[in-house]
Structure formats: structure tokens, C-alpha cells
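Undergrad: everything below, folded, please.
(2 chains)
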Amino acid sequence: AQSVTQLGSHVSVSEGALVLLRCNYSSSVPPYLFWYVQYPNQGLQLLLKYTSAATLVKGINGFEAEFKKSETSFHLTKPSAHMSDAAEYFCAVSHSGAGSYQLTFGKGTKLSVIP
Amino acid sequence: DAGVIQSPRHEVTEMGQEVTLRCKPISGHNSLFWYRQTMMRGLELLIYFNNNVPIDDSGMPEDRFSAKMPNASFSTLKIQPSEPRDSAVYFCASRNEGTSPDTQYFGPGTRLTVL
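TA: A predicted model of the protein is given here:
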């Protein structure tokens, strides 16, 4: 079984400030981890993914995430927030092997950027 | 690349009516997924097809829901009869299981309102 917990359903940051969105996972097998972004009235767009290679993963739009097995975490960060980053962000977990199609999503974190 | 295409983008119907949602996956992708997104339950996988064959429909809420994939470039999700609790955003996603099995690409979604 696998699950994802995103801490904070809503995060507000000032423009230019650090963005930190938290994700913790539970998985009985080595996980694949993803961050997706959803802009208003749009579908989900893949930001970045971890699939057992480098633990620090760089994605689009200046975002990155670090896989920490000891903390079962995959937090998303960006050094300097931009107004265009305002969106909802979803962390998801999957795995290789049987049932690997199964993406389990967190509840999402809505990011607001204050000018 | 046109991405995953869904139609209609918005659907408003009355309780008891039949609703059909449509999806065209990315050309060359051989896996297709239908998801439902609600405030209460977040993103849920409804059904997964591989090479046009339904592999896992355990997420389909009840017999009122049915999904088909008659060919590699088209899928439908049908609700008959529809109920107000079916109101949600329905997403279709596709992936190429051979070259990128860990990455799903999402369509823009269909926002369904059942009155």
C-alpha cells in the first residue's frame, strides 16, 4: 500500500521568497515520486520526478525536490517565488513492478504568491 | 504534439441524464487512465487501460459508470444515469509504457455539473 501526505492545504509566500511545499510518503516498496502542478482550469503538468537515480531532482520553472529515504519525504522547493507560480501542487507516489501504473496523489497544496 | 485532448471541457446536465466524456490520448501512447477530482476525495483513479484493454476498473464507483477504449486513439467514460454526486472534474491521462512507464500526461479535464 502507498500513500502521500501533503502538509498544508494552502501556503502563502511573498514574491521573491523561498517556496517550500512538503510531501511525505508511505510505500512498502521503493517509490517513484512526482510533483505535478495544476493551474486554474487546466490539467496536471509534471514538474519533476524521482525514479531511484539522483536524490536531488531538478524540474521545470526552477523547482527542485530532494528524496530523503530516512525521512520518507520529497519536499518541493524554489529559491525565489514568482507570481506565475501561483497554482495547486500535487505530490504523487508510484513504484516499479506489479501495479506500477497506480499513481496515488496527495490532497494538494494551493500556493499563493503575494506581490 | 497536441497533448491529451478531452471533450467537452464543461458539461452541465440534469440528474438522470446520460453523460459521455471523451478522450484522445497522445499518439503512440499505449496506456490510458481516467481520474476523478473532487474537493472531498482529491484525485482518484477510476480505470486503467493498457493496449485498449481494461486492466483495473476497481476505482469505478458503481455500475452507473462505464468506460471503453475501442481503439488506441479514443476512449469514453459514460455515466448513466447521472447523479448530483457525480459532479467533479474528470481527467484523462496517457503514457507510453515502453519508453516512459513512470510518466503520465494529463488532459485539461472535463468539468461535469449534474443538477
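
Undergrad: chain B: strands as residue ranges?
TA: Applying DSSP state E to chain B gives strands spanning B:5-7, B:10-13, B:19-24, B:31-38, B:42-50, B:53-56, B:65-71, B:74-79, B:88-95, B:105-106, B:110-114.

Undergrad: what's the first-to-last distance across stretch A:16-32?
TA: Chord length of stretch A:16-32, first to last residue, is 30 Å (C-alpha to C-alpha, to the nearest Å).

Undergrad: for stretch B:85-104, same thing?
TA: End-to-end distance (C-alpha to C-alpha), stretch B:85-104: 27 Å.

Undergrad: can you list the residues of chain A near chain B?
TA: Counting by C-beta under 8 Å from any C-beta of the partner chain, the residues of chain A close to chain B are A:32, A:36, A:41-46, A:49, A:51, A:90, A:94, A:96, A:100-103, A:105-108. C-betas here are computed from N, CA, C, even on glycine.

Undergrad: turn the strands of chain B into CSV, columns for mean pLDDT and mean neighbour count.
TA: Formatted as CSV, these follow (pLDDT from 0 to 100; neighbours: other C-beta atoms under 10 Å in any protein chain shown):
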stretch, mean pLDDT, mean neighbour count
strand B:5-7, 96, 16
strand B:10-13, 96, 15
strand B:19-24, 98, 19
strand B:31-38, 95, 23
strand B:42-50, 93, 20
strand B:53-56, 93, 13
strand B:65-71, 96, 15
strand B:74-79, 98, 19
strand B:88-95, 96, 23
strand B:105-106, 92, 22
strand B:110-114, 96, 18
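
Undergrad: report the buried residues of stretch A:50-70.
TA: Within stretch A:50-70, the residues scored as buried using 16 or more other C-beta atoms under 10 Å in any protein chain shown are A:50-51, A:57, A:59, A:63-65, A:67.

Undergrad: list the ones among those that fall in helices.
TA: With helices defined by DSSP state H, no entry of the buried residues of stretch A:50-70 lies inside them.
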